[in-house]
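Enquirer: Got a predicted model here, sequence first, then my questions.
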Amino acid sequence: MTPAIDAAKKAKISFNTHQYEHAPGAAYGLEAADKLALDPGQVFKTLMLETDRGPNALAVAVIPVAATLDLKAAAKALKQKKVSMADPQVAQRLTGYLVGGISPLGQKRVFATLIDQSAESLKTLYVSAGRRGLEIELAPTDLLRVTQGQFAAIAKFKN
């Protein structure tokens, strides 16, 4: 049981968990897609951003594992001048999760959350359930509701 799973249960949403053997040194999100035999467009990674309000003023970006984050688009969606990737140690301390297992659900604090708009077209998506090697599958609208987030065009895809 993780805080992410607890948050999903508390919100009374429909979800499934999926476990796989995590290999040290593997790229977390892509590894999840590979080991669970999923389309990388359906598996999302959780990135922590530092806003222009300071190192402890973080925001959450949830994007497909096969994409990269468009920092300018994220800043615009958050109504910030600029955002940058948060220091991993700060992200771990403020979310309560280890890097590679950071979930957008059940974080120690409530942060502004952006979910890439590509999620809107999916029936379900997968995000970390709060531990490396554990994913939670849920509807994008449930993720949006539980995180109090917003959909935004924040991912860049390779052609």
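Expert: Good, I have the coordinates.
Enquirer: Do a quick rundown of the helices in this structure.
Expert: 3-10, 28-35, 71-77, 88-95, 140-147 (DSSP state H).
Enquirer: so the most centrally placed residue in the chain bridges to which residues?
Expert: In the chain, the C-alpha nearest the mean C-alpha coordinate belongs to residue 46, at 2.4 Å (Cα atoms, centre = their mean). Beta bridges link residue 46 to residue 62, judged by DSSP bridges.
Enquirer: Quick one: list the elements packing against the lowest-mean-pLDDT helix or strand in the chain.
Expert: Lowest mean confidence among the helices and strands of the chain (mean pLDDT, DSSP states H and E): helix 28-35, at a mean of 81. The elements that helix 28-35 packs onto, with contact taken as 3 or more Cβ pairs under 8 Å, 6 or more residues apart in numbering; DSSP states H and E, are strand 44-50, strand 125-131. All C-beta spots, glycine's among them, are computed from the backbone N, C-alpha and C.
Enquirer: In this structure, where is pLDDT below threshold?
Expert: 55, 159 (pLDDT under 70).
Enquirer: what's near enough to touch residue 134?
Expert: 2, 17, 18, 19, 101, 128 (Cβ atoms under 8 Å, 6 or more residues apart in numbering).
Enquirer: Next one: the fifth one from residue 3, what distance?
Expert: As judged by Cβ to Cβ, to the nearest Å, residue 101 and residue 3 stand 11 Å apart.
Enquirer: do the same with the second one
Expert: Here residue 17 is placed at a distance of 13 Å from residue 3 (Cβ to Cβ).
Enquirer: The third one too?
Expert: Using Cβ to Cβ, residue 18 is found at 18 Å from residue 3.
Enquirer: List the residues that contact the nearest residue to residue 7 once chain neighbours are set aside.
Expert: Nearest residue to residue 7, sequence neighbours excluded (Cβ to Cβ, 6 or more residues apart in numbering): residue 106, at 3.7 Å. Listed by Cβ under 8 Å, 6+ apart, the contact set of residue 106 reads 2, 3, 4, 5, 6, 7, 8, 96, 130.
Enquirer: Looking at those residues, state which has the most neighbours.
Expert: Scoring the contacts of residue 106 on neighbours with other Cβ atoms under 10 Å, the highest-scoring entry is residue 4 at 29 neighbours.
Enquirer: Do I have it right that it meets residue 130?
Expert: Yes. Between residue 4 and residue 130 there is a contact under Cβ atoms under 8 Å: 3.8 Å.
Enquirer: quick one: common contacting residues for the two?
Expert: 103, 105, 106.
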